[in-house]
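Colleague: Build the 3D model from these lines:
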Amino acid sequence: MSYQVLARKYRPKSFDTLVGQEHVVRALTHALDNQRLHHAYLFTGTRGVGKTTLSRILAKSFNCVGPDGNGGITATPCGVCEACVAIDAGRFVDYIEMDAASNRGVDEMAQLLEQAIYAPSNARFKVYMIDEVHMLTNHAFNAMLKTLEEPPEHIKFILATTDPQKIPVTVLSRCLQFNLKQMPPGHIVSHLENILGQEQIEFETPALRLLAQGAHGSMRDALSLTDQAIAYAAGKVTLDAVQGMLGALDQSFLVRILDALAEKDGTGLLAVADEMATRSLSYNAALQDLGSLLHRVALAQSVPSAVPDDLPEREDILRLAGLFDAEEIQLFYQIAVHGRNELGLAPDEYAGFSMTLLRMLAFRPGFGPTEARPVGNAAPAATAAARPAASAAPATTARLSAAPQVATTSAPLARPGSAGGVSPARAALEAARAGMKGGTSSTRPPVPAVNAAVAAPVAVTSSVPATRTSPAFDQAPPMDLPDLPPAPPWDDGADMPPVQSGRHEDFAPPAAAQKKTEVLNATADAPMQRGQSADKDPVRPFVLHPIDGLAWDGNWPVLAATLPVRGVAQQLAQQSELMGARREGNTIQLDLQVSVETLLAAGSVDKLIAALSDHFGQTVRINSKLGPVQHTANAAAMADRAERQREAEQSMQDDPFVQKLMREFGATIVPGSVRPI
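Modeller: Presented below is the predicted three-dimensional model:
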C-alpha cells in the first residue's frame with residue numbers, strides 16, 4: 001500500500017476530532033440537534049484551518065443513515081454507513097466539490113444550476129461545496145443569486161473562501177457565515193503529539209513547538225512540516241534536526257546578545273554578529289526571533305506564569321528578566337522591530353543588524369554620551385580626572401548661585417581647547433552680543449570665568465540679568481538643560497518686575513506703544529520702489545500740495561486711500577504720486593506720476609476723474625506721466641503695516657512672561673509667528 005501523508009491520513013472525521021474550531025462546532029452541533037438547517041453555509045479562514053474538513057463532516061451529518069440504516073440528521077455521523085464511507089473516500093455521487101478557481105465562469109455556474117434541480121440519487125440532500133468561491137466572476141455570482149436564495153429543498157450549498165472581502169454582499173446576505181480561526185501553537189503541539197504517538201515515532205516537545213511556530217496557524221502546514229521532519233531525521237523528530245531543516249536560528253545567539261547588552265559589552269555584540277555571518281544565518285530571522293525572545297522576557301517580568309514550561313530557553317529567559325528593567329526590555333523590543341523594517345534600507349544586512357545592536361547599546365539608560373566610556377588605555381586617566389571634578393561641583397555651584405542678578409543654566413561637558421567649559425565659538429557669540437549696542441559698553445555683567453578642572457559638571461552663567469525674589473530659584477539644583485542660546489536681553493536700565501508665583505497673572509502687562517499718526521514724513525526714510533537706485537534717483541521729500549479755496553491739506557496719499565473707486569482706477573489712485581496741484585479758472589489741475597503704464601488703461605483715468613470731481617464738487621483734470629513714484633497711498637499702507645508688525649514683535653519681546661520663558665527654559669519666538677492685532 002502506498003504511503004499516505006499525515007494531513008490526509010489524520011483528517012478529522014467528526015466534530016469531536018476537529019481541533020481548534022470550537023466556536024464553529026458548537027453552532028453547527030446545536031443547529032443539527034434542533035433540526036434548524038440552513039440552505040447555504042460560508043466558511044472563511046486562512047489555509048489549513050479546516051474549511052474542507054468541516055464541509056465533509058457537515059455533508060455526512062446531513063446524509064448519515066446510521067449503522068442500521070434507520071438514522072436521521074445527526075451531529076455525530078456514524079462513519080460506517082454507505083454515505084459516510086463514500087464521503088470520506090471522496091466518491092459520494094451526491095456530494096459535489098467544485099474548485100471555483102478553475103470553474104469560475106458563468107457557463108460552469110449555469111451547468112451546475114441546471115443539475116441542481118434533479119433530486120439526489122442515493123442521499124437525503126445533494127450538497128454542493130464550492131471552494132475558493134471568491135474566484136467566481138461577477139456574472140457567475142449574479143447567475144447563482146436566485147438559486148442561492150431559494151434553492152430546492154434537497155439542495156445544500158457550502159461555500160469556502162480565504163478572502164471573503166471579494167464576495168458580493170448579495171451573496172454574503174444569503175449565507176450563514178462562520179469565520180475559522182488560526183490554530184494556536186498549543187493546539188498544534190497537542191495534535192502532533194497525538195499523531196506521532198499513534199505513529200510510534202520518537203519526538204522532542206521543543207521540536208514540535210518549533211514546527212508549530214513554522215506552521216503560522218495552519219494545521220495542514222504543521223502536518224506537512226512534520227512529514228518533512230520525519231524524513232529529514234530518519235524517523236526521529238529532534239530539536240537539532242528541526243532547526244537544521246527549517247534554518248531556524250539557535251537561541252543561544254540571542255541569549256548571548258542580551259547578555260552582552262546587560263554587561264554593556266559592545267565587543268561581545270559584534271562578536272555574535274560576526275559569528276552569525278560566518279555561518280550565513282539570516283539577520284532578518286535573527287531580529288524576528290530577538291523580538292520574540294524579548295517578548296518572552298517581558299512576559300517573565302510581568303506574568304511569569306505565561307512563560308511555557310517546555311521552552312528550552314526558559315531558564316535563560318527568567319535569568320534575563322532579572323538583569324533588565326521593564327523599560328529597557330520595551331526599548332530593546334521597539335528597536336528590534338524597527339531595525340527589522342529598516343534592514344532593507346541598510347547598505348547590507350550585516351550593517352543593518354550590527355547598527356540595530358549598537359543602537360540598543362547606545363540608548364540603554366546609563367550608557368549615554370555623558371558617561372565616561374573606556375577608550376583604549378586612556379580610560380583610567382579619564383575616570384580619575386572625572387572624580388575630582390565631580391567632588392568640586394557642589395562648592396563651585398554654590399559660589400555661582402550666590403552671584404546677584406544672574407540666571408544660571410546647565411552647561412555641557414568641557415570641550416578640549418575651550419576655557420572654563422565654554423567653546424571658542426560660544427565665547428565669540430557672547431562677545432558679539434555684548435557689542436551690539438553700537439560700540440558702547442554693555443551694562444550686562446560678564447560671564448565669570450570657571451576653572452577648567454571643574455568646568456564639566458558646573459553650571460555656567462548666562463548673560464541675561466534678572467532679579468529673583470523667590471527662594472526656590474536659589475535653593476533648587478542646577479537644571480540639566482542643553483546648551484541653548486541665552487534669551488534676548490532687556491533694554492539697558494529696564495528692571496524686570498518681581499516674580500511672585502511664576503503665573504502669567506503675576507506680571508504687569510507692558511504699556512502699549514503710542515500709535516504713530518503720521519506715517520509719511522518729509523525725510524529720507526520714505527520707502528523706495530523696487531529697482532530704484534539711491535545714487536541716480538535720491539528720495540524726494542514728501543510735499544503737501546494744497547489748493548487755494550479748497551478744504552484740503554494737499555495730502556494725496558490720504559485722499560487716494562479714501563476715494564470710492566474700485567479695480568484699476570483704485571490701483572491708479574493708490575500707486576500714483578502727486579507732483580503738483582493748481583487751480584485754473586473753475587478747473588482743478590492735478591499732475592500725477594505713475595510707475596506702470598498699464599494703470600493708465602482706457603477707462604481708469606476717467607473713473608478717477610469722476611470720483612475726484614464728486615469729491616471736490618468741481619471739474620478735475622489729470623495730467624499723467626510715467627516715472628518712479630515714492631510717496632503713494634500704497635507705500636503709506638506698507639509702511640504702516642511694517643510699523644505695526646515691528647511694534648507687535650517688540651511688545652512680545654518685552655513681555656515679562658515671555659522673557660521668563662526665554663531666560664529660564666531657553667524658549668524662542670518662531671520668526672513670523674507674531675501678528676499684530
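
Colleague: Centre-most residue in the protein?
Modeller: The C-alpha lying nearest the average C-alpha coordinate of the chain belongs to residue 338 (CA atoms, centre = their mean; 11.8 Å).

Colleague: Could you check which helix or strand contains that residue?
Modeller: Per DSSP states H and E: residue 338 is located in helix 326-341.

Colleague: now for that helix, which elements pack on it?
Modeller: Helices and strands touching helix 326-341, by 3 or more CB pairs under 8 Å, 6 or more residues apart in numbering; DSSP states H and E, are helix 283-302, helix 349-362. No exception for glycine: its C-beta is placed from N, CA and C like everyone else's.

Colleague: With mean neighbour count as extra columns, can I get those in JSON lines?
Modeller: Output for those, formatted as JSON lines (neighbours: other CB atoms under 10 Å):
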{"stretch": "helix 283-302", "mean neighbour count": "20"}
{"stretch": "helix 349-362", "mean neighbour count": "19"}
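
Colleague: Out of those, which is closest to residue 164?
Modeller: Set against residue 164 and scored by CB to CB, those come closest in helix 283-302, at 28.6 Å.

Colleague: C-alpha coordinates for the closest one, PDB please?
Modeller: C-alpha atoms of helix 283-302 as PDB (Å, rounded to 0.1, in the frame of the first residue of the first chain):
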ATOM      1  CA  TYR A 283      19.800  38.500  10.000                       C
ATOM      2  CA  ASN A 284      16.200  39.200   9.300                       C
ATOM      3  CA  ALA A 285      15.200  36.000  11.000                       C
ATOM      4  CA  ALA A 286      17.500  36.900  13.900                       C
ATOM      5  CA  LEU A 287      15.800  40.200  14.500                       C
ATOM      6  CA  GLN A 288      12.400  38.400  14.300                       C
ATOM      7  CA  ASP A 289      13.500  35.800  16.900                       C
ATOM      8  CA  LEU A 290      15.100  38.500  19.000                       C
ATOM      9  CA  GLY A 291      11.700  40.300  19.200                       C
ATOM     10  CA  SER A 292      10.100  37.000  20.200                       C
ATOM     11  CA  LEU A 293      12.700  36.400  22.900                       C
ATOM     12  CA  LEU A 294      12.300  40.000  24.200                       C
ATOM     13  CA  HIS A 295       8.500  39.400  24.300                       C
ATOM     14  CA  ARG A 296       9.000  36.300  26.500                       C
ATOM     15  CA  VAL A 297      11.400  38.200  28.800                       C
ATOM     16  CA  ALA A 298       8.700  40.900  29.200                       C
ATOM     17  CA  LEU A 299       6.200  38.200  30.000                       C
ATOM     18  CA  ALA A 300       8.500  36.700  32.500                       C
ATOM     19  CA  GLN A 301       8.900  40.200  34.200                       C
ATOM     20  CA  SER A 302       5.100  40.900  34.300                       C
END
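
Colleague: Make TSV from the helices and strands packed on helix 326-341 and add mean pLDDT and distance to residue 65 to it.
Modeller: Converted to TSV, these look like this (pLDDT from 0 to 100; distance: least, CB to CB, whole Å):
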stretch	mean pLDDT	distance to residue 65
helix 283-302	91	50
helix 349-362	93	62
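
Colleague: coming back round to it: show me the contact partners of the helix holding residue 338.
Modeller: Applying CB atoms under 8 Å, 6 or more residues apart in numbering, the external contacts of helix 326-341 come out as 258, 261, 284, 287-288, 290-291, 294-295, 297-298, 301-302, 324, 352-353, 355-356, 359-360, 363-365.

Colleague: can you check stretch 151-162 too?
Modeller: 37, 39-47, 51-52, 55, 58-59, 62, 116-117, 119-120, 124-134, 147-148, 167, 171, 175.

Colleague: List buried residues within those residues.
Modeller: 39-46, 51-52, 55, 58-59, 62, 116, 120, 124-134, 147-148, 167, 171, 175 (16 or more other CB atoms under 10 Å).

Colleague: Which of those residues fall in strands?
Modeller: 40-44, 126-131 (DSSP state E).

Colleague: So which of the helices and strands packed on helix 326-341 is nearest residue 639?
Modeller: Nearest to residue 639 among the helices and strands packed on helix 326-341 is helix 349-362 (54.6 Å), distances taken as CB to CB.

Colleague: what's the closest one packed up against?
Modeller: Looks like helix 349-362 contacts helix 251-262, helix 266-278, helix 283-302, helix 326-341 (3+ CB pairs under 8 Å, 6+ apart).

Colleague: Quick check: the residue nearest to the centre of the chain vs residue 283, distance?
Modeller: Residue 338 sits at a distance of 14 Å from residue 283 (criterion: CB to CB, to the nearest Å).

Colleague: And residue 656, by the same measure?
Modeller: In terms of CB to CB, residue 656 sits 57 Å off from residue 283.

Colleague: same thing with residue 110?
Modeller: Distance from residue 110 to residue 283, counting by CB to CB: 54 Å.

Colleague: do residue 230 as well
Modeller: As judged by CB to CB, residue 230 and residue 283 stand 30 Å apart.

Colleague: ends of stretch 242-255, how far apart?
Modeller: The first residue of stretch 242-255 is 20 Å away from its last residue (CA to CA, to the nearest Å).

Colleague: residues in contact with the residue lying closest to residue 260 once chain neighbours are set aside?
Modeller: Leaving out its chain neighbours, the residue that sits closest to residue 260 by CB to CB, 6 or more residues apart in numbering is residue 268, at 3.5 Å. Each residue near residue 268 by CB under 8 Å, 6+ apart is listed here: 256, 259-260.

Colleague: And the buried ones among these, selectable in PyMOL?
Modeller: In PyMOL, this line selects whichever of the contacts of residue 268 come out buried by 16+ other CB under 10 Å:
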select buried, resi 256+259+260
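
Colleague: mind putting the contacts of residue 268 in TSV, pLDDT and distance to residue 669 included?
Modeller: Listed next are the contacts of residue 268 as TSV, based on pLDDT from 0 to 100; distance: CB to CB, whole Å:
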residue	pLDDT	distance to residue 669
256	92	52
259	92	50
260	92	47
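
Colleague: tell me which of the contacts of residue 268 is nearest to residue 551?
Modeller: residue 260 (92.3 Å).

Colleague: which parts of the helix holding residue 338 are buried?
Modeller: Residues of helix 326-341 classed as buried: 328-329, 331-333, 335-337, 339-340 (neighbour count, 16+ other CB under 10 Å).

Colleague: ditto for stretch 167-186
Modeller: The neighbour-count check on stretch 167-186 (16+ other CB under 10 Å) flags 167, 171, 174-175, 178, 180-183, 185 as buried.

Colleague: end-to-end on that stretch?
Modeller: Start-to-end span of stretch 167-186 (CA to CA) is 32 Å.

Colleague: ok, and the closest non-adjacent residue to residue 598?
Modeller: Per CB to CB, 6+ apart, closest to residue 598 is residue 568, 7.9 Å.

Colleague: quick one: secondary structure of the one you found?
Modeller: Under the three-state scheme (DSSP: H, G, I helix; E, B strand; the rest coil), residue 568 adopts helix.

Colleague: Show residues contacting stretch 240-253.
Modeller: For stretch 240-253, contacts defined as CB under 8 Å, 6+ apart pick out 207, 210-211, 214, 225, 228-229, 232-233, 272, 275-276, 281-282, 285-286, 289, 293, 312-313, 316.

Colleague: Any regions of the stretch 251-400 of the chain where pLDDT drops low?
Modeller: For the stretch 251-400 of the chain, the stretches flagged by pLDDT under 70 are 310, 366-400.

Colleague: The chain too?
Modeller: 1-2, 310, 366-538, 602.

Colleague: Would you mind splitting it into its domains for me?
Modeller: Taking automatic domain parsing as the criterion, the chain consists of the domains 6-179, 185-246, 251-362, 461-488+516-530+539-677.

Colleague: Quote the end-to-end distance of the shortest one.
Modeller: In other words, domain 185-246. 17 Å.

Colleague: likewise the first one?
Modeller: Distance between the boundary residues of domain 6-179 (CA to CA) amounts to 25 Å.

Colleague: roughly how far is it from the heart of the chain?
Modeller: Relative to its chain's centre, domain 6-179 lies at 45 Å (CA atoms, centre = their mean, to the nearest Å).

Colleague: Lovely, talk soon.
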